[in-house]
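S.K.: Just a sequence and a predicted model for now, questions to come.
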Amino acid sequence: MATKWCVSMQAEGDRVMRHDEIVALADAVAGLGGVASGIGTMGFGAQVVVEAPDQDAALERGLEHFAAAVETAGLPSWPVTWAEVEGDDEFGGAW
């Protein structure tokens, strides 16, 4: 049975992110119940909701969605430097 998971990721690079770039990332993750961050920082991040049977599968799906969103937004392909997965039970099914 699939569970909903919240996957948060951050990529870091070599320049400051502009407002319009993070807005484009936010648009790209919106369909996944996602949000984006990073305006004025040396990186960008997103949080998305995925369905998966376990935490490892959730992380894999989250990273796949993040990579696709980064490409859609036209952002640099910087390495993911941090990722975290939180399960539905940790939020009491709030989403």
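M.R.: All right, it came through fine. Residues are numbered from 1 along each chain as shown.

S.K.: what's the spacing between residue 23 and residue 64?
M.R.: Per CB to CB, to the nearest Å, residue 23 is found 22 Å from residue 64. C-beta coordinates here come from the backbone N, C-alpha and C atoms, glycine included.

S.K.: what do you get for residue 48?
M.R.: Residue 48 is 10 Å from residue 64, by CB to CB.

S.K.: So for those two, which sits in the more crowded spot?
M.R.: residue 48 (25 against 12; other CB atoms under 10 Å).

S.K.: can you tell me the helix or strand for the more buried one?
M.R.: For residue 48, the host element (DSSP states H and E) is strand 43-52.

S.K.: Return whatever helix or strand comes next after that strand as CSV; C-alpha atoms alone will do.
M.R.: Next along the chain after strand 43-52, taking DSSP H and E as the criterion, comes helix 55-73. Output of helix 55-73 as CSV, limited to C-alpha atoms (Å, rounded to 0.1, in the frame of the first residue of the first chain):
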residue,chain,number,x,y,z
GLN,A,55,10.9,5.8,2.6
ASP,A,56,13.6,4.8,0.1
ALA,A,57,11.1,4.7,-2.8
ALA,A,58,9.7,8.1,-1.7
LEU,A,59,13.2,9.6,-1.8
GLU,A,60,13.9,8.1,-5.2
ARG,A,61,10.6,9.5,-6.6
GLY,A,62,11.1,12.9,-4.9
LEU,A,63,14.6,13.2,-6.5
GLU,A,64,13.2,12.2,-9.9
HIS,A,65,10.5,14.9,-9.6
PHE,A,66,13.0,17.4,-8.4
ALA,A,67,15.3,16.8,-11.4
ALA,A,68,12.4,17.1,-13.8
ALA,A,69,11.2,20.3,-12.2
VAL,A,70,14.7,21.8,-12.3
GLU,A,71,14.9,21.0,-16.0
THR,A,72,11.4,22.4,-16.6
ALA,A,73,12.4,25.6,-14.8
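
S.K.: Taking helix 55-73 as reference, get the angle to the following helix or strand past helix 55-73.
M.R.: Of the helices and strands lying after helix 55-73 in sequence (DSSP H and E), the nearest is strand 80-87. Here the directions of strand 80-87 and helix 55-73 differ by 130 degrees (axes from the mean of the first three to the mean of the last three CA atoms, to 10 degrees).

S.K.: I'm done for today, thanks for sticking with me.
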